[in-house]
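S.K.: Let's see this in three dimensions:
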Amino acid sequence: QVQLVESGGGLVQPGRSLRLSCTASGSIFTIYDMGWYRQAPGKQRELVAAITSGGSRNYADSVKDRFTISRDNAKNTVYLQMDSLKPEDTAVYYCKIRLHDGTTEYDQWGQGTQVTVSS
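M.R.: Numbering: from 1, shown residues only. This is a model prediction of the structure:
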């Protein structure tokens, strides 16, 4: 069993920054891709940013040049640095990892953390 614990969400004014963290623990043999998704009220969940085990990054057009995804493989942790936040970034943010536990390869989701951008 693998657990993901997210942190770093909260209420912030437009133009400010937040840093989200997501740490995996449990039966982990290897972690492949790691990513952040978000879901705003009344909208579908969407990919925000992803990073491969080799460090290649992919971003949604709406967050390019404002958000940065990174990972610390020694800590099984993925980060999302969010700068120049806008009200439209308000959503619940979820991390997702693709992992192998030594037997099976599968995706694991975090519980979500609320990010609210408002003055």
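S.K.: only C-alpha atoms for contact and neighbour calcs from this point on.
M.R.: Will do.
S.K.: Next, the residue of the chain most remote from its centre: secondary structure please.
M.R.: Going by C-alpha atoms, centre = their mean, the residue of the chain most distant from its centre is residue 103, 25.0 Å out. The three-state label given to residue 103 by DSSP: H, G, I helix; E, B strand; the rest coil is coil.
S.K.: What distance do you get for it to residue 111?
M.R.: Counting by C-alpha to C-alpha, to the nearest Å, the separation of residue 103 from residue 111 is 24 Å.
S.K.: Ok, residue 13 next?
M.R.: Taking C-alpha to C-alpha as the measure, residue 13 falls 24 Å from residue 111.
S.K.: What of residue 47?
M.R.: Noted for residue 47: a distance of 16 Å to residue 111, by C-alpha to C-alpha.
S.K.: Just say helix, strand or coil for the residue nearest the centre of the chain.
M.R.: In the chain, the centroid-proximal residue (C-alpha atoms, centre = their mean) is residue 36; its distance is 2.8 Å. Reducing the assignment at residue 36 to three states with three-state DSSP gives strand.
S.K.: Do I have it right that it meets residue 51?
M.R.: No - here residue 36 does not reach residue 51: they are 9.2 Å apart, not a contact under C-alpha atoms under 8 Å.
S.K.: show me what contacts the residue farthest from the centre of the chain?
M.R.: Counting by C-alpha atoms under 8 Å, 6 or more residues apart in numbering, residue 103 makes contact with nothing.
S.K.: Give me the pLDDT value at it.
M.R.: Confidence at residue 103, expressed as pLDDT, is 95.
S.K.: What values do phi and psi take at it?
M.R.: Torsion angles at residue 103 (phi, psi; degrees, to the nearest 10) stand at phi -130, psi -40.
S.K.: Could you report the separation of it from residue 23?
M.R.: Per C-alpha to C-alpha, residue 103 is found 21 Å from residue 23.
S.K.: ditto for residue 55
M.R.: 17 Å.
S.K.: Tell me which of those two has more neighbours.
M.R.: residue 23 (19 against 13; other C-alpha atoms under 10 Å).
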